[in-house]
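Q: need a structure here:
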Amino acid sequence: MTGASQGLGLELARRLHEEGWALVIDARRGERLEAATKALGGGSEVLAVPGDVANPHHREELVAAARRLGRVSLVVNNASTLGPTPLRELLELGAGHLLEIYNVNTVAPLALVAALRGDLAEGATVLNITSDAGAEPYAGWGGYGSSKAALEHASAVLALEEPALRVLVVDPGDMRTEMHAAAFPGEDISDRPEAASVVPALLALIEGGQPSGRYLASTLLEEQREATR
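A: Below is the predicted model:
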């Protein structure tokens with residue numbers, strides 16, 4: 001799982017760890033990843049590999065760590081970047097920042113799956129975290145949103161080309177996270193739900209038999225609420 005030191009990634013890692021999954025987790029900031037690993041506590045094995053998922057060498061480190069745990073049943077591509085904040089309009093973004101955003105949000109997830117190709121278990125699941133900005137245009141979100149749109153399209157193609165895999169794209173919706181706060185500097189985002197509230201939707205996909213496709217966490221959570229009424 002990439003981007004596991006905070007927000008949705010950390011909360012999902014916490015739940016998977018509680019359920020006995022052996023995990024390889026990463027994040028760019030080593031001190032945060034170390035703290036996250038300690039927060040997960042004992043139990044199933046957790047290998048923390050700090051680094052930037054856009055770096056090919058780091059991806060090879062992730063693959064090597066995964067091989068220590070056996071076949072890979074789940075790949076969660078959660079690491080993302082907004083690019084420079086406050087967010088800039090497309091023509092103000094600059095080619096360098098645009099490439100950086102695409103490298104993290106689009107290229108790295110696909111490259112990681114490609115690097116793990118020979119280590120994936122039969123019927124393995126690829127879970128790519130996306131955004132409503134990948135489906136709807138928002139001024140100022142062009143770099144991030146278009147990179148997520150590209151990831152979504154590439155995921156759909158991957159699902160066709162690799163039918164033995166489940167390739168799931170999930171829009172988690174707005175959350176009270178550091179990334180969201182960075183996107184809306186100075187705004188009160190306390191009305192957004194905590195990242196942990198979205199995790200049951202992701203678990204339903206990971207543990208369910210849903211086919212490859214794009215899913216909304218809000219819809220999955222509503223289905224769960226309906227099922228318990």
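
Q: Spit out the contact partners of the residue nearest to residue 48 when sequence neighbours are not counted.
A: In space, and not counting its chain neighbours, residue 48 is closest to residue 37: 4.4 Å by Cβ to Cβ, 6 or more residues apart in numbering. (C-beta placed from N, C-alpha, C; glycine too.) With contacts defined as Cβ atoms under 8 Å, 6 or more residues apart in numbering, residue 37 is in contact with 25, 46, 48.

Q: Which residue, other than its chain neighbours, is closest to the second one?
A: Once flanking residues are discounted, residue 46 sits nearest to residue 23: 4.9 Å by Cβ to Cβ, 6+ apart.

Q: Kindly report the same for residue 54.
A: Excluding its sequence neighbours, the residue lying closest to residue 54 (Cβ to Cβ, 6+ apart) is residue 103, at 4.3 Å.

Q: for the chain, which strand is longest?
A: Among all segments of the chain classified by DSSP state E, the strand with the greatest residue count is strand 120-129.

Q: And the next helix or strand past it?
A: Once the chain leaves strand 120-129, the next helix or strand it forms, by DSSP states H and E, is helix 142-161.

Q: Check the offset of the helix-or-strand element of the chain with minimal mean pLDDT from the chain's centre.
A: Here the helix or strand of the chain ranked lowest by mean pLDDT, DSSP states H and E is helix 178-183, holding a mean of 86. Distance of helix 178-183 from the chain centroid (Cα atoms, centre = their mean, to the nearest Å) equals 15 Å.

Q: now for it, which elements pack on it?
A: Where contact means 3 or more Cβ pairs under 8 Å, 6 or more residues apart in numbering; DSSP states H and E, helix 178-183 is not packed against any helix or strand.

Q: After that helix, which helix or strand is next?
A: The helix or strand immediately downstream of helix 178-183 is helix 199-207, counting by DSSP H and E.

Q: got the angle for that following helix vs strand 120-129?
A: Angle between the axes of helix 199-207 and strand 120-129 is 150 degrees (criterion: axes from the mean of the first three to the mean of the last three Cα atoms, to 10 degrees).

Q: check contacts around the residue most central in space within the chain.
A: In the chain, the centroid-proximal residue (Cα atoms, centre = their mean) is residue 78; its distance is 1.4 Å. For residue 78, the contact set (Cβ under 8 Å, 6+ apart) comprises 1-4, 8-9, 12, 129.

Q: Likewise for residue 100?
A: Applying Cβ under 8 Å, 6+ apart as the definition, the contact partners of residue 100 turn out to be 54, 81, 83.

Q: The first one: neighbour count?
A: Spelled out, it's residue 54. Neighbourhood size, residue 54 [other Cβ atoms under 10 Å]: 20.

Q: Tell me if it really is in a strand.
A: No. Under DSSP: H, G, I helix; E, B strand; the rest coil, residue 54 sits outside any strand and is assigned coil.

Q: Quick check: it touching residue 109?
A: No. Residue 54 lies out of contact with residue 109 (Cβ atoms under 8 Å); the separation is 10.1 Å.

Q: Relative to residue 84, how far out is the closest residue to residue 119 other than its chain neighbours?
A: Among residues not flanking residue 119 along the chain, residue 72 sits closest, at 5.1 Å (Cβ to Cβ, 6+ apart). Between residue 72 and residue 84 the distance is 33 Å, computed by Cβ to Cβ, to the nearest Å.
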